[in-house]
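Undergrad: 3D model of this:
(2 chains)
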Amino acid sequence: SAVISQKPSRDICQRGTSLTIQCQVDSQVTMMFWYRQQPGQSLTLIATANQGSEATYESGFVIDKFPISRPNLTFSTLTVSNMSPEDSSIYLCSVVDFRAAANYGYTFGSGTRLTVV
Amino acid sequence: KQEVTQIPAALSVPEGENLVLNCSFTDSAIYNLQWFRQDPGKGLTSLLLIQSSQREQTSGRLNASLDKSSGRSTLYIAASQPGDSATYLCAVFNTNAGKSTFGDGTTLTVKP
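TA: Numbering: from 1, shown residues only, chains lettered A, B, ... in the order given. Now for the predicted structure:
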């Protein structure tokens, strides 16, 4: 399965600023996702990162707040814009590659623990 | 819309005990089901992946079963150890949705 490098692993940010999280995969993958996990809760899908086109956002998430780039099949970024304390969460990158004969399932990055003060 | 439920939400057992975690889902049109482990503040580590055509998968002390018709999966952990303490999540990948739905997880504590 793919190996994901996610950076930064954690950050403490001032409210009103923005943070960009990077997700680098060691192989080309068909699908990349960004998730948020608020304290004590399960994962919530933010968006599907589409290569060469705009991301597909889930209900409750908008591009102005969470702009996403995916310039190629191995790299994506998520920006958390104009942050408030409510954005304090773990942000996770995940990939799935359906081109293999068998679906290896989701692989996750190690996560970015964001605290907004 | 797929809904995934994990029971119990939390479980505390003494070391050495065998245990079962449960995952149920409402839409049986699944592509696969995956069990993950998450340590506090960390990402998710995949434990077992069961394709829709399979009934179970095993890895070491872990065994996961899948019954699509009843919308259920179980994760069996044999001879539990304190290092097994973590949150365990199941995720169901639906063919029509093109993505997975995650349960809320079961937080396991294994006491020495």
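Undergrad: what parts of chain B come near chain A?
TA: Selection of chain B residues close to chain A by Cβ under 8 Å from any Cβ of the partner chain yields B:31-32, B:34, B:36, B:41-46, B:49, B:51, B:89, B:91, B:93, B:98-100, B:102-105. For every residue, glycine as well, the C-beta is placed using N, CA and C.
Undergrad: just the buried residues of these.
TA: Those of those that meet the buried threshold are B:31-32, B:34, B:36, B:42-44, B:46, B:49, B:51, B:89, B:91, B:93, B:99-100, B:102-105, by 16 or more other Cβ atoms under 10 Å in any protein chain shown.
Undergrad: and the strands in chain B?
TA: Listed in chain order, the strands of chain B (DSSP state E) span residues B:4-7, B:10-14, B:19-25, B:30-38, B:44-51, B:56-59, B:62-67, B:72-77, B:86-94, B:99-102, B:106-111.
Undergrad: any chance of those in CSV with distance to residue A:7 as columns?
TA: Below are these laid out as CSV (distance: least, Cβ to Cβ, whole Å):
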stretch, distance to residue A:7
strand B:4-7, 30
strand B:10-14, 32
strand B:19-25, 32
strand B:30-38, 19
strand B:44-51, 17
strand B:56-59, 29
strand B:62-67, 30
strand B:72-77, 31
strand B:86-94, 23
strand B:99-102, 23
strand B:106-111, 28
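Undergrad: so what's residue 40 up against?
TA: As the question left the chain open, I've gone with chain A. Residues in contact with residue A:40 (Cβ atoms under 8 Å, 6 or more residues apart in numbering or on different chains): none are found.
Undergrad: can you look at chain B instead?
TA: residue B:87.
Undergrad: distance of it from residue A:40?
TA: Plainly put, residue B:40 is 11 Å away from residue A:40 if you go by Cβ to Cβ, to the nearest Å.
Undergrad: just residue B:58 next, same as before
TA: For residue B:58 relative to residue A:40 (Cβ to Cβ), the value is 31 Å.
Undergrad: what does residue A:71 give?
TA: Distance from residue A:71 to residue A:40, by Cβ to Cβ: 34 Å.
Undergrad: then residue B:48?
TA: Taking Cβ to Cβ, one finds residue B:48 at 25 Å from residue A:40.
Undergrad: what's the neighbour count on the spatially closest residue to residue A:84 that is not a sequence neighbour?
TA: Leaving aside its sequence neighbours, residue A:84 sits nearest to residue A:15 (Cβ to Cβ, 6 or more residues apart in numbering or on different chains; 5.5 Å). For residue A:15, the count of nearby residues is 12 (other Cβ atoms under 10 Å in any protein chain shown).
Undergrad: mind listing what's buried along stretch B:63-82?
TA: B:63-66, B:68, B:71-75, B:77, B:80.
Undergrad: contacts for that stretch?
TA: B:13, B:15-28, B:30, B:33, B:35, B:47-48, B:50, B:52, B:54-58, B:61-62, B:84, B:88, B:90, B:108, B:110-112.
Undergrad: again, only using 7 Å
TA: Under the criterion Cβ atoms under 7 Å, 6 or more residues apart in numbering or on different chains, residues B:13, B:15-26, B:28, B:30, B:33, B:35, B:48, B:50, B:52, B:54-57, B:61-62, B:84, B:88, B:90, B:110, B:112 lie in contact with stretch B:63-82.
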